[in-house]
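K.L.:
Pasting a predicted model and its sequence here:
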Amino acid sequence: MIAADLIKGIIVGFLIAAPVGPIGVLCIRRTVSRGQFFGFVSGLGAATADTLFGLAAALGLGAFTTFLVVHRQGFQLAAGVILVVLGLRMLCSTPARSLRDSTVKGHGGAYFSTLGLTLANPMTILSFAGIFAGFGVVTGGSDFAAATLVLGVFIGSASWWLILSALAGWLVSRMQEGGLHRINQIGGAAIFLFGLWNLGKAAYPALR
């Protein structure tokens, strides 16, 4: 039973993390500019947020889920503004500056920035609840079962970020500086558009 819960958690964590959204683009960009480990640490921030959402879903914390859903517009607005600013900074940077990535200072900044951005998408908790139901996971069960499941979520999510940063690092090792700058520009445009999308969802709920 413990092994089954762990495996289910790993699968769920990987599935939640795998779609490449703004955090994935940011992780790739940071790997390009600061190295594979820096990109992986950025991904760990997102994995931690996924784990917290998974914990809330596994324990059946209805009041917490309701709070997040009710205030989702505020979270989306904050995330949208941050992503738009990040995207514009990346687009406006010179080739030399874009490869240094001065948007965060140190590994702590990389970790907490993606943790905050991922937590700003509270609808993720509903994704966990839906996938748990699909896997036949009963929420609100024992604390030990929930802990095992959530440990699996962290392992699965962290595994995805390890794979993504490794692939990005492999790509970087085979590209010239001009190509790396183009990746930075594409990433900046993508993050900017993700930010606009979040702002649009906050302003017009019908876009959800």
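P.N.:
Ah, there it is. Numbering: from 1, shown residues only.

K.L.:
Can you pull the poorly scored residue ranges out of the protein?
P.N.:
1-2, 60-71, 93-104, 133-143, 174-181, 183-184, 205-208 (pLDDT under 70).

K.L.:
What segments of it are helices?
P.N.:
Ranges of helices in the chain, per DSSP state H, are 2-17, 22-34, 36-58, 62-70, 72-92, 95-100, 106-119, 124-134, 143-172, 177-203.

K.L.:
which helices and strands does the second one pack with?
P.N.:
Counting contacts by 3 or more Cβ pairs under 8 Å, 6 or more residues apart in numbering; DSSP states H and E, helix 22-34 packs against helix 36-58, helix 72-92, helix 95-100, helix 106-119, helix 143-172, helix 177-203. Glycine gets a C-beta too; all of them are placed from N, C-alpha and C.

K.L.:
Could you rerun that using 6 Å?
P.N.:
helix 36-58, helix 143-172, helix 177-203 (3 or more Cβ pairs under 6 Å, 6 or more residues apart in numbering; DSSP states H and E).

K.L.:
could you check the angle helix 106-119 makes with the last one?
P.N.:
Right, helix 177-203. On the basis of axes from the mean of the first three to the mean of the last three Cα atoms, to 10 degrees, helix 177-203 is oriented at 40 degrees to helix 106-119.

K.L.:
likewise the second one?
P.N.:
Helix 143-172 and helix 106-119 meet at an angle of 120 degrees, taking the same axes, to 10 degrees as the criterion.

K.L.:
Enumerate the positions of helix 143-172 that are buried.
P.N.:
For helix 143-172, burial by neighbour count (16 or more other Cβ atoms under 10 Å) applies to 145-146, 148-162, 164-165, 168-169, 172.

K.L.:
The shortest one now?
P.N.:
Neighbour counts over helix 36-58 (16+ other Cβ under 10 Å) mark 36, 38-58 as buried.

K.L.:
how much does that helix deviate in direction from helix 2-17?
P.N.:
When the same axes, to 10 degrees is applied, the directions of helix 36-58 and helix 2-17 differ by 110 degrees.

K.L.:
Equivalent analysis for the second one, please.
P.N.:
Orientation check (the same axes, to 10 degrees): helix 143-172 against helix 2-17 gives 50 degrees.

K.L.:
Renumber starting at 8 from here on
P.N.:
Sure, I'll start numbering at 8, so the last one becomes helix 150-179.
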